[in-house]
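>>> Dropping the sequence and predicted coords here.
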Amino acid sequence: MLQVANPPGYGDINATWTTTFSHGIMGWWKSERGTVFRIEALVVFVAIIMVFLGAYGSRRRRRRSFLAQKVVLAAYCLSTSLVSYTLGSMQSSPVKSSMYPFWAVSLYIMSGSADAITAYSLDDNSRGMERFYQSLLGMFYVGLIAVSILNNLTGILLFINMAGLAFIKWSQRDWACQMAHHSWNLNKIVADYMHQEHTKSGTSYDPASMKGYHYLVDWPLHKAKLKAGTSYATQVTTKAGVVDIEKIWQCERLSSEQRDACLSFSLFHLLRRRFFGFDCAESPRQKTHDFVFKVLLAKNERGAIDYDRVFKVIDVELAFMYDFFFTKYAALHYQPWILPAMFSYPLIIFPIYSAVTALSPGSKLLHVRNWSAVTTTTTADTVVTLLMLTCIVLLQVLQLLLYWTTIWGTVCLACHSVRAQEASRTKRHLAFKMVERFKAIPIKIGAFISNKYCYLFPEKNKCYYWQNKVGQYSLLESVRHNTTNLSKALRALSKLSEYFVIFNREVVHPVVNISVRWSAGKPGKHVELSAQVKEALVQSLDRTQGILTNGQSSLTSNGAGDLLWACRHDNMHPPDSGTSCSKSQQKENQARFILTWHIATCYCEMAPTKDLTPRVKEAHVATTLSKYCAYLLKMEPKLLPGHQYDTYRVFDAVAEEAVEFLQSKPDKYGAMRSQTISRETTPESEEKIFFRGVRLGEQLQGMEAGARWKVLADFWAEMLLYLAPSDDVKAHVECLAGGGELITHLWALLTHAGILERGQRIVPNDLENGGAV
């Protein structure tokens with residue numbers, strides 16, 4: 001092919017042009033305009049991050065994906081560091097812009113306006129002093145920037161106006177973190193109130209109409225005082241303004257959705273009390289037991305339980321729990337901030353008006369000091385300033401919508417309706433009525449927003465506040481078949497790592513076989529929590545009436561008493577004794593039993609069968625819950641009974657047993673089947689959990705398919721309920737931020753039934769027990 005040669009000197013010209021262009025870019029980058037441009041880019045980037053956090057910060061509770069979680073984490077971390085870096089760049093810049101003070105204070109307004117996320121983890125709430133000094137230093141820099149640039153009175157007033165708004169927003173944010181970390185008095189009021197709540201209804205209560213259930217929904221905090229006559233317990237000294245569940249159910253203005261939202265809010269108070277270490281005085285009472293089993297688990301005229309409502313009430317309750325610890329909505333609810341709210345919007349409108357005036361041609365509003373090296377304000381500076389002000393307004397409107405169109409707004413409107421109904425029945429002075437009408441203005445605005453939102457987006461009311469998915473892990477399916485040399489290389493690496501260490505790892509954790517970890521695989525994708533699984537869990541709870549066992553009750557009721565050996569320790573009662581678990585087993589690590597039954601369930605799932613059709617539902621429930629419990633062992637051991645490190649070690653040991661037996665066998669089921677038929681086991685292998693699970697699976701295979709899957713479905717539903725009670729409230733709250741877990745919903749449900757620990761629940765014969773009507 002004919003090639004055309006470049007003309008002489010072409011390469012030199014090209015190189016010269018490239019050099020000239022790069023020098024020009026570098027020169028502009030270091031120039032006055034380039035310096036301001038860099039700061040403009042930082043300001044715009046921070047504004048985008050703040051709007052993102054305000055809009056999507058709380059949505060991470062609905063997604064567990066790595067990308068969704070880490071993007072929010074990156075934005076949360078960058079928002080603080082970039083604000084500090086940008087302020088430092090403005091202060092140290094040799095060239096100033098007249099817009100610097102307003103950009104700087106706008107950054108603080110936006111960072112304080114992201115109501116949807118005030119903390120990424122619970123530990124963030126405990127850094128009060130660190131947060132205080134950071135904000136103090138930042139505001140000092142903002143003031144220093146303003147002093148070094150502004151010289152006109154109107155410009156100074158504009159800056160002070162915006163600084164006041166920044167102070168309000170940061171005060172609300174700091175108050176939200178303080179509430180999440182040490183709101184002792186708020187929770188003590190609830191704890192002391194529940195000590196004597198059952199006395200308010202005398203000896204009668206009615207779960208059907210909620211008569212006699214005085215669980216707190218909303219009350220005037222300033223009316224709670226210590227009383228010497230009650231051993232210095234905190235009591236609400238007035239009935240006026242107190243809204244409880246009984247009043248909510250008696251209010252004719254409320255819909256069923258509003259009542260359930262208030263019920264969830266009341267239960268949230270009780271659950272939050274456990275986080276702060278206060279006891280649940282109502283837990284042993286029959287009234288508490290009836291609340292769950294005769295209210296939430298009430299049967300309709302067809303004899304069916306509305307399990308969707310059960311999980312919806314708990315879902316909304318945990319949504320309140322998440323918002324309390326990770327967002328600003330609780331601070332806005334408990335401390336209405338009426339005066340700050342009244343001042344916020346004038347503080348927004350005035351800067352916008354002033355900014356438009358200042359940026360208009362010929363304006364002398366933004367005169368600067370003569371000794372400051374200030375560059376000329378350009379169109380780009382004007383656009384950035386207007387963009388910042390637009391972001392501030394957008395965040396304010398967004399947070400207003402997010403509050404009034406969510407569960408917080410629903411509860412606020414419901415409580416206002418209850419109080420309005422009570423006020424209509426009593427005579428009030430004219431001055432009092434005027435004050436009440438003035439206080440109701442924000443409520444009416446919120447009601448208008450909420451009604452319009454529900455009308456335009458009716459499907460939003462049916463959404464979940466968590467991921468509504470469960471993790472899945474199958475030990476037998478995850479064992480990788482050894483077809484490459486990678487496994488050998490990993491085994492060699494594990495052995496070599498023992499000789500190349502600079503500290504004794506046995507102090508922290510023994511050297512783990514990397515090959516086993518790799519061969520045991522990783523969890524699969526989360527699957528949707530189906531209606532069949534929810535129904536099975538609710539039916540199991542209703543059948544046992546809160547007397548929890550690790551599957552033994554379901555085996556007995558299904559006539560599978562010969563399988564009880566797989567639920568008990570060898571040194572416990574014989575299989576035919578019918579005795580439930582002992583007290584020593586109540587808090588004991590259950591990893592051994594979970595893995596035994598998980599292996600058996602996987603064994604039955606892998607077995608070829610032709611008559612599974614009649615029991616597809618039971619098979620789905622059994623396999624889903626089995627793999628979910630195995631997932632908890634591998635990924636969330638802190639949510640299970642016993643010490644999480646014990647669970648961790650047991651799982652590793654059983655995974656190693658499974659890998660050693662299955663890794664070299666392409667037909668896993670055939671290998672396990674042949675092992676049980678040949679009985680080629682030693683006394684040592686008989687003690688291994690893997691072989692015990694295989695033996696149990698073979699025993700289950702001897703049953704008719706329909707009965708087998710019925711036994712497994714009932715067992716796993718009861719086992720998961722047995723695992724749910726926990727004293728580690730912090731672990732469950734932390735999980736809410738990562739998408740939530742099904743076991744957390746069951747933990748909350750059992751708490752409200754008075755079931756705080758495993759073992760048989762004994763209800764004392766107190767005065768109220770005979771009062772249910």
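Noted; the coordinates are in hand.
>>> Dead centre of this protein: give me the residue that sits there.
Nearest to the geometric centre of the chain sits residue 736, at 2.0 Å (C-alpha atoms, centre = their mean).
>>> Just list the residues touching the spatially closest residue to that residue that is not a sequence neighbour, thanks.
Using C-beta to C-beta, 6 or more residues apart in numbering and skipping the chain neighbours, the partner closest in space to residue 736 is residue 322 (4.4 Å). C-beta here means a position set from N, CA and C on the backbone, and glycine is covered the same way. The contact partners of residue 322, by C-beta atoms under 8 Å, 6 or more residues apart in numbering, come to 58, 61, 465, 733, 736-737.
>>> Give me the distance from stretch 108-119 to the chain's centre.
How far stretch 108-119 lies from its chain's middle: 18 Å, per C-alpha atoms, centre = their mean, to the nearest Å.
>>> end-to-end on that stretch?
End-to-end distance for stretch 108-119: 16 Å, by C-alpha to C-alpha, to the nearest Å.
>>> thinking again about what came up before, next up, phi/psi of the residue nearest to residue 736, please.
In this entry, residue 322 is assigned phi and psi values of phi -60, psi -50 (degrees, to the nearest 10).
>>> List the buried residues for stretch 150-162?
150-152, 154-155, 158-159, 161-162 (16 or more other C-beta atoms under 10 Å).
>>> nearest to residue 716, of the contacts of residue 322?
The nearest member of those to residue 716, counting by C-beta to C-beta, is residue 736 at 23.8 Å.
>>> returning to that earlier point: looking at the contacts of residue 322, which gets the smallest pLDDT?
Ranked by pLDDT, the contacts of residue 322 bottom out at residue 58, which scores 82.
>>> residue contacts, it?
So residue 58 contacts 116-117, 322-323, 326-327 (C-beta under 8 Å, 6+ apart).
>>> Can you tell me the SS state at it?
Under DSSP: H, G, I helix; E, B strand; the rest coil, the three-state class of residue 58 is helix.
>>> so can I have CSV of the buried residues of stretch 150-162 showing secondary structure, pLDDT and distance to residue 533?
Listed next are the buried residues of stretch 150-162 as CSV, based on DSSP: H, G, I helix; E, B strand; the rest coil; pLDDT from 0 to 100; distance: C-beta to C-beta, whole Å:
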residue, secondary structure, pLDDT, distance to residue 533
150, strand, 77, 63
151, coil, 77, 69
152, coil, 75, 67
154, helix, 73, 65
155, helix, 76, 63
158, helix, 80, 59
159, helix, 83, 58
161, helix, 81, 55
162, helix, 83, 52
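>>> Now flag whichever of the residues you listed is closest to residue 406.
Nearest to residue 406 among the buried residues of stretch 150-162, counting by C-beta to C-beta, is residue 162 at 28.2 Å.
>>> pLDDT, secondary structure and distance to residue 272 added to the contacts of residue 58, as TSV?
Formatted as TSV, the contacts of residue 58 follow (pLDDT from 0 to 100; DSSP: H, G, I helix; E, B strand; the rest coil; distance: C-beta to C-beta, whole Å):
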residue	pLDDT	secondary structure	distance to residue 272
116	84	coil	20
117	89	coil	19
322	95	helix	11
323	94	helix	11
326	94	helix	13
327	92	coil	14
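>>> Separate out the buried members of those.
Among the contacts of residue 58, those buried by neighbour count (16+ other C-beta under 10 Å) are 116-117, 322-323, 326-327.
>>> Residue 525: which of these is nearest?
Lowest distance from residue 525 to those (C-beta to C-beta) belongs to residue 322, with 23.4 Å.
>>> From residue 258, how far off is residue 652?
Distance check for residue 652 against residue 258: by C-beta to C-beta, to the nearest Å, it reads 49 Å.
>>> how deep is residue 106 tucked in, by neighbour count?
Residue crowding around residue 106 was assessed by other C-beta atoms under 10 Å; the count is 27.
>>> Nearest spatial neighbour of it, chain-adjacent residues omitted?
Once flanking residues are discounted, residue 106 sits nearest to residue 388: 4.2 Å by C-beta to C-beta, 6+ apart.
>>> How much space separates residue 602 from residue 693?
Using C-beta to C-beta, residue 602 is found at 8 Å from residue 693.
>>> To clarify, my last question referred to residue 394.
Using C-beta to C-beta, residue 394 is found at 57 Å from residue 693.
>>> buried sites along stretch 106-122?
Applying 16+ other C-beta under 10 Å to stretch 106-122 flags 106-120, 122 as buried.
>>> Would you work out how far apart the start and end of it are?
Stretch 106-122 end-to-end distance (C-alpha to C-alpha) = 27 Å.
>>> What is the distance between it and the centre of its chain?
Averaged C-alpha coordinates place stretch 106-122 at 17 Å from its chain's average position (C-alpha atoms, centre = their mean).
>>> One more: stretch 301-321?
18 Å.
>>> Buried residues, that stretch. List them.
Buried residues in stretch 301-321, counted by 16+ other C-beta under 10 Å: 305, 307, 310-321.
>>> what comes into contact with that stretch?
Residues external to stretch 301-321 that are found in contact with it (C-beta under 8 Å, 6+ apart): 61, 260-261, 263-265, 267-268, 271-272, 296-300, 330, 407-408, 464-466, 531, 534-535, 537-539, 542, 733, 736, 740, 744-745, 748-749.
>>> try 7 Å this time
Outside stretch 301-321, the residues that touch it by C-beta atoms under 7 Å, 6 or more residues apart in numbering are 260-261, 263-265, 267-268, 271-272, 296-297, 299-300, 407, 464-466, 534-535, 538, 542, 733, 736, 740, 744-745, 748-749.
>>> Quick one: buried ones out of the residues you listed?
For the contacts of stretch 301-321, a burial check counting by 16+ other C-beta under 10 Å picks out 260-261, 263-265, 267-268, 271-272, 296-297, 407, 464-466, 534-535, 538, 542, 733, 736, 740, 744-745, 748-749.
>>> can I see the domain layout of the chain?
What automatic domain parsing lists as the domains of the chain is 17-183+334-404, 529-725.
>>> any chance you could map the strands in the stretch 51-200 of the chain?
Counting by DSSP state E, counting those that start in this stretch, the stretch 51-200 of the chain has strands at residues 96-97.
>>> low-confidence ranges in it?
Within the stretch 51-200 of the chain, no range satisfies pLDDT under 70.
>>> if you go through it in chain order, where are the helices?
Using DSSP state H, counting those that start in this stretch, the helices of the stretch 51-200 of the chain run over 66-92, 100-113, 122-125, 128-149, 153-182, 184-195.
>>> Could you point out which of the buried residues of stretch 106-122 is nearest to residue 250?
Looking at the buried residues of stretch 106-122 and their distance to residue 250, the nearest is residue 115, at 32.7 Å (C-beta to C-beta).
>>> which parts of stretch 535-552 are buried?
Buried residues in stretch 535-552 (16+ other C-beta under 10 Å): 535-542, 544, 546, 548-552.
>>> Then stretch 390-399?
Going by neighbour count (16+ other C-beta under 10 Å), the buried part of stretch 390-399 is 391-392, 394-396, 398-399.
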